[in-house]
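1. Here is a sequence with its predicted model. Questions after.
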Amino acid sequence: MLAAIGKYFIQRYWRNTPESERRVCIHKISCSRAVYENLDNHGFWVGVKSYFQRRKTCNENYKIKLVDGKIIIKTKYGSILNENDINPIILKEFKTSP
């Protein structure tokens, strides 16, 4: 029941917030999609836990850099995202920036 409520609010967010107004998530799979999938597949508590983990890492306070030929993101709290887990939009911006 609680998972269904959480999924409802995510669906409302998707319906009511145009993609052009959403912040670009640093993760390849968006935060809302990851939380929705966890709510759907694993229930309320796993969904809530994944929400707080994502909120902790997905913010604009990150550093993107090239390490040993691979692009990584280091988040504000020290988590590392490898290139295959980074949003393609961010990768493209990094690769085309001077």
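-> Great, that's in hand. Every value quoted in this text rests on a predicted model; they were computed, and no experiment measured them.
2. doesn't I71 fall inside a strand?
-> Yes. Under DSSP: H, G, I helix; E, B strand; the rest coil, I71 sits within a strand.
3. Report how many residues lie close to the spatially closest residue to it that is not a sequence neighbour.
-> With CB to CB, 6 or more residues apart in numbering as the criterion, I71 has its nearest non-adjacent residue at 4.6 Å, and that residue is E83. C-betas here are computed from N, CA, C, even on glycine. Look at E83: counted by other CB atoms under 10 Å, it has 15 neighbours.
4. From T96, how far out is E83?
-> To T96, E83 is 15 Å away according to CB to CB, to the nearest Å.
5. Could you do I72 as well?
-> As judged by CB to CB, I72 and T96 stand 18 Å apart.
6. Looking at these two, which one has more neighbours?
-> Neighbour count, other CB under 10 Å: between I72 and T96, I72 has more, with 17 against 7.
7. Identify the residues contacting the more buried one.
-> Each residue near I72 by CB atoms under 8 Å, 6 or more residues apart in numbering is listed here: 64-66, 80-83, 86.
8. State the pLDDT value of it.
-> Looking at I72, its pLDDT reads 95.
9. again with P98
-> pLDDT recorded at P98 is 69.
10. Ok, K65 next?
-> pLDDT at K65 comes out at 92.
11. Identify the residues contacting the helix or strand containing it?
-> Using DSSP states H and E, K65 sits within strand 63-67. For strand 63-67, the external contacting residues (CB under 8 Å, 6+ apart) are 71-74, 86, 90, 94.
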